[in-house]
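A.B. asks: Next come a sequence and a model predicted from it.
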Amino acid sequence: MPPFGSSAAAADFESPVPPPPTTGAGLPMGVPAIVRRWRRDDLIQKGSLVLRGLALLFSPLDFIIMASNKHGDCKDFDRYKEFRYLLAISIPATLYTEVQALRHVHQISIGQDLVKRQTSALIDFASDQVVAYLLISAASLAVPMTNRMRNNADNLFTDCLAASISMAFFGFLTLALSALISGYKLSTQSYI
């Protein structure tokens, strides 16, 4: 029997575990990698639905708060083009987020897309960016006028304006994050 410190004795006590098989890029393959990908895809689907649901909450609130902001005389939102623009943008944003949320609910519940996956990813990516840009442009246009009004008088009219602008900004944030997820989905598509 070889002495305790020899390499033959060490080989008996150490049973090296072979590393998991990898692809050419050094990424693990097999069942654990597939399960991780399924979990990641499921998390992305649910995260996208949550973001669209939040956008569906913020966009109608923006519309409702602005449309109901009529307090007579110079305290009517429709006397100012900045606030009319914010209202005009919140309508298509609400419709877009509603259609997208319903499409995602259908996709998750049925398990099928209404359109091809590659086309869907491209439409989501482009549309999310366009609607998010419109929301932030409308909100940023309304902010200076609201600040000037709040310097003169801080009342219910200006508070409603600030609330509506905040909802538009939150709608922008949720759609911007949704655009990031859509971009990730678009980049992981196979076009072969």
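C.D. replies: Yes, it's here. From a predicted model like this one, the values you see are computed outputs, not experimental measurements.

A.B. asks: Stretch 99-107: which residues count as buried?
C.D. replies: For stretch 99-107, a neighbour-count test (16 or more other C-beta atoms under 10 Å) marks 100-101, 103-104, 107 as buried. Glycine gets a C-beta too; all of them are placed from N, C-alpha and C.

A.B. asks: Then stretch 107-115?
C.D. replies: So stretch 107-115, judged by 16+ other C-beta under 10 Å, has buried residues Gln107.

A.B. asks: Kindly report the same for stretch 173-188.
C.D. replies: For stretch 173-188, by 16+ other C-beta under 10 Å, it's 173-179, 181-182, 185-186.

A.B. asks: now stretch 113-126
C.D. replies: Quick answer for stretch 113-126 (16+ other C-beta under 10 Å): 120-122, 124-125.

A.B. asks: Run the chain-centre distance for it.
C.D. replies: 15 Å (C-alpha atoms, centre = their mean, to the nearest Å).

A.B. asks: quick check: mean pLDDT across it?
C.D. replies: Mean pLDDT, stretch 113-126: 81.

A.B. asks: Also stretch 75-91?
C.D. replies: On average, stretch 75-91 scores 87.

A.B. asks: Can I get that stretch in PDB, CA atoms only?
C.D. replies: In PDB, the C-alpha atoms belonging to stretch 75-91 read as follows (Å, rounded to 0.1, in the frame of the first residue of the first chain):
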ATOM      1  CA  LYS A  75     -59.300  76.500 -15.500                       C
ATOM      2  CA  ASP A  76     -60.300  74.300 -18.400                       C
ATOM      3  CA  PHE A  77     -57.700  72.000 -19.900                       C
ATOM      4  CA  ASP A  78     -59.100  72.400 -23.400                       C
ATOM      5  CA  ARG A  79     -58.100  76.100 -23.500                       C
ATOM      6  CA  TYR A  80     -54.400  75.100 -23.600                       C
ATOM      7  CA  LYS A  81     -52.900  73.200 -26.600                       C
ATOM      8  CA  GLU A  82     -50.300  71.500 -24.400                       C
ATOM      9  CA  PHE A  83     -53.000  69.800 -22.300                       C
ATOM     10  CA  ARG A  84     -55.100  69.000 -25.400                       C
ATOM     11  CA  TYR A  85     -52.000  67.300 -26.900                       C
ATOM     12  CA  LEU A  86     -51.500  65.200 -23.700                       C
ATOM     13  CA  LEU A  87     -55.100  64.100 -23.900                       C
ATOM     14  CA  ALA A  88     -54.800  63.300 -27.600                       C
ATOM     15  CA  ILE A  89     -51.800  61.100 -27.000                       C
ATOM     16  CA  SER A  90     -53.300  59.300 -24.000                       C
ATOM     17  CA  ILE A  91     -56.200  58.000 -26.100                       C
END
